[in-house]
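[1] Build the 3D model from these lines:
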Amino acid sequence: MSKPKKSKRIKRKLLYKYRLVVLNEDTFEEQFALRLNRLNIFVGVGISTILIIAFTTVLIAFTPLREYIPGYASTKLRKQATSLAYKTDSLQIALDQKNRYLESIRRVLAGEVSPLDFEEENLDTVNQIVADTVNFNASETDSLLRKEVAEEERFNVQKQLDSKVEFSLFSPLKGEISENFNPQTKHYAVDVVAQENTPVKSIADGTVIFAEWSAATGYVIILEHNHGLLSVYKHNKSLTKAQGEMVVAGEVIAKVGNTGELTTGPHLHFELWSNGYPVNPQEFIEF
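    Numbering: from 1, shown residues only. This next block holds a predicted model:
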């Protein structure tokens, strides 16, 4: 019997009516009155708490105010961080490619290059071919095919250039050729004899991608031209252009010299590369 009485007593307390009155302090005139019980107060406080929590959640989740709360990052900053991460990854890949490209240039200067090593775009996929192991003599079975292909491709570089733009190659230097282009001896160039300090000119418009001193080949300058062409000038006495500069066809870029260990007199060691392959400069330029 005690439990029902206790329940009734709690129920009575919850439902017991109270009157909340607001009075004027001076006149004691009733300004406002409200009849309440404890149950109403509990329900009101609970609903208010839920509404406040819901409102705060909406503000944090769907408005920019959340950026002022510790622990929440700005959407703009997150986008910038993601974009910078992608750019950093791309720059790292590009840097690795350029490093391999410069390593190939170093190998050219050191005389270690093979025809396929120097192509920048295919550094990851090309097969490494050692020039000493290549048989340059046509066999009896394929001599006719080689002759036909050689005739078709003899002026292929110049034909490709002519098909795109009006393009001509200037002579870097007028003089006597002391040594011809010879892949069998890994001499991928022509040596042009001239007096010391004779101007060396650019064969076409381009950009200086290398202009430094090499112990073996002295002062060396390498130009990058359109359509996959590279021109290399070695054993110069001095250089008039620096890496990164733009040059025009016929512009003086160096002076003939006798620098480096691999030289016996003043001359220009000139190489011409097309899309990573060495070509005979005499087929396209008159010295």
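[2] For the stretch 101-250 of the chain, which segments count as strands?
    Assigned strands in the stretch 101-250 of the chain, in chain order: 176-179, 190-193, 199-201, 206-214, 218-224, 229-239, 246-247 (criterion: DSSP state E, counting those that start in this stretch).
[3] mind showing which ranges of the stretch 101-250 of the chain have poor pLDDT?
    107-167 (pLDDT under 70).
[4] repeat that for 80
    Low-confidence segments of the stretch 101-250 of the chain, defined by pLDDT under 80: 101-168.
[5] mind listing the helices for it?
    Under the criterion DSSP state H, counting those that start in this stretch, the stretch 101-250 of the chain carries helices at the ranges 143-153, 156-164.
[6] since we're on residue 188, how many residues are nearby?
    25 (other CB atoms under 10 Å). C-beta: built from backbone N, CA, C; applies to glycine.
[7] same deal with residue 249?
    Close neighbours of residue 249, defined as other CB under 10 Å, add up to 15.
[8] change the start of the numbering to 44 and stick with it
    Got it, first residue is 44 now, which makes that one residue 292.
[9] tell me which element the residue nearest the centre of the chain is part of?
    Nearest residue to the geometric centre of the chain (CA atoms, centre = their mean): residue 137, 3.4 Å. Assessed by DSSP states H and E, residue 137 sits inside helix 118-153.
[10] which other helices and strands contact that helix?
    Packing partners of helix 118-153 (3 or more CB pairs under 8 Å, 6 or more residues apart in numbering; DSSP states H and E): strand 249-257, strand 261-267.
[11] Now for residue 121, how many residues are close by?
    Burial measure for residue 121: 10 neighbouring residues, criterion other CB under 10 Å.
[12] So for it, what pLDDT did the model give?
    Residue 121 is assigned 72 on the pLDDT scale.
[13] what's the spacing between it and residue 81?
    For residue 121, the distance to residue 81 (CB to CB, to the nearest Å) stands at 49 Å.
[14] any idea which of the helices and strands packed on helix 118-153 is most buried?
    Across the helices and strands packed on helix 118-153, averaging neighbours per residue (mean count of other CB atoms under 10 Å) puts strand 261-267 on top, at a mean of 21.
[15] Parallel or antiparallel, list what pairs with that one.
    Sheet pairing of strand 261-267 (DSSP bridges) gives strand 249-257 (antiparallel), strand 272-282 (antiparallel).
[16] how about these, which one is nearest residue 130?
    Checking these against residue 130 by CB to CB gives strand 249-257 as the closest, at 23.6 Å.
[17] Run the chain-centre distance for that closest one.
    Put simply, strand 249-257 sits 20 Å off its chain's centre (CA atoms, centre = their mean, to the nearest Å).
[18] Give me the angle between that strand and helix 118-153.
    Taking axes from the mean of the first three to the mean of the last three CA atoms, to 10 degrees, one finds strand 249-257 and helix 118-153 inclined to each other by 60 degrees.
[19] Kindly format the C-alpha coordinates of strand 249-257 as CSV.
    Only the C-alpha atoms of strand 249-257 are listed here, as CSV (Å, rounded to 0.1, in the frame of the first residue of the first chain):
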residue,chain,number,x,y,z
GLY,A,249,66.0,28.0,-80.0
THR,A,250,66.7,28.0,-76.2
VAL,A,251,70.0,27.4,-74.5
ILE,A,252,69.5,24.4,-72.3
PHE,A,253,73.2,23.9,-71.4
ALA,A,254,76.1,26.2,-71.3
GLU,A,255,79.0,25.0,-69.1
TRP,A,256,82.6,23.8,-69.0
SER,A,257,83.5,20.2,-69.4
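[20] what does that strand contact?
    145, 148, 152-153, 262-269, 272-274, 277, 282, 284-290, 296, 302-303 (CB atoms under 8 Å, 6 or more residues apart in numbering).
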